[in-house]
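In: Could you look at this predicted model? Sequence included:
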Amino acid sequence: MTGFVALAATVATGFASAEISGANAQAGVEQEITAEPLTEEVVPEFEAGEIVQPIPTETEAPAVEAVPSAGSLRELVSSVNTPDTLSREMECLAGTVYFESRGEPLNGQLAVAQVVINRAESDLFPSSYCGVVYQPKQFSFVRSGSMPRIRRGSQAWTQAKAIARIAHEGLWESEARDSLYFHARYVSPKWSRTKQARATISTHVFYR
């Protein structure tokens, strides 16, 4: 038996000159992440049009990891799997959570991840997580196109990886909603006057 699947992808890349201020970014002591051009493996191209392919049999179907259920974000963070090695895109997302918000409550960390995801899905910013993170003059922890080193054996990094997966897979709704910008509460950038505030979580304010 065959099925018909139509796949189409539209990638639009734009640039915005908004500023973002990091409140808790600190250098660690292990591996360094640097900006590199994306490869076809990171950003796959999808064929537009009708494709005919066989439906996999029960024995051919790949195993799908069960999505954990939880009554709270903390419980969900504790239950999701966090592999030692991440794809480059997920490394960029988790690294942003780690450097921008590892001292924040979990909902604040999730909100930071949501901003990166929202930007990658917006036509105002680069269309990948790494493109968003390494866009010049956006995230203060990125220096000369590189992230500081991450303490990969720390609980903070394990938690950041869990938050990144939860945000990427949409496993928990973020209070940041459709926010594209944020800043620390102890600063008042001029651009914030022209944006709509979405949420204030601990030391960060989030805007659309």
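Out: Good, I have the coordinates. Numbers count the residues shown, from 1 in each chain.
In: low pLDDT regions in the protein?
Out: Across the chain, residues meeting the criterion (pLDDT under 70) sit at 1-68.
In: Who are the packing partners of the longest helix anywhere in it?
Out: Longest helix in the chain, counting residues (DSSP state H): helix 106-121. Judged by 3 or more C-beta pairs under 8 Å, 6 or more residues apart in numbering; DSSP states H and E, helix 106-121 is in contact with helix 73-79, helix 88-101, helix 129-133, helix 155-168, strand 181-184, strand 197-201, strand 204-207. Where you see a C-beta, it was placed from the backbone N, CA and C, and this is true even at glycine.
In: With mean neighbour count and distance to residue 119 as new columns, can the ones you listed be given to me in JSON lines?
Out: Output for the helices and strands packed on helix 106-121, formatted as JSON lines (neighbours: other C-beta atoms under 10 Å; distance: least, C-beta to C-beta, whole Å):
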{"stretch": "helix 73-79", "mean neighbour count": "16", "distance to residue 119": "22"}
{"stretch": "helix 88-101", "mean neighbour count": "25", "distance to residue 119": "10"}
{"stretch": "helix 129-133", "mean neighbour count": "25", "distance to residue 119": "4"}
{"stretch": "helix 155-168", "mean neighbour count": "22", "distance to residue 119": "12"}
{"stretch": "strand 181-184", "mean neighbour count": "23", "distance to residue 119": "9"}
{"stretch": "strand 197-201", "mean neighbour count": "18", "distance to residue 119": "14"}
{"stretch": "strand 204-207", "mean neighbour count": "24", "distance to residue 119": "12"}
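In: JSON lines for the ones you listed, including distance to residue 122?
Out: Output for these, formatted as JSON lines (distance: least, C-beta to C-beta, whole Å):
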{"stretch": "helix 73-79", "distance to residue 122": "24"}
{"stretch": "helix 88-101", "distance to residue 122": "15"}
{"stretch": "helix 129-133", "distance to residue 122": "9"}
{"stretch": "helix 155-168", "distance to residue 122": "15"}
{"stretch": "strand 181-184", "distance to residue 122": "11"}
{"stretch": "strand 197-201", "distance to residue 122": "14"}
{"stretch": "strand 204-207", "distance to residue 122": "13"}
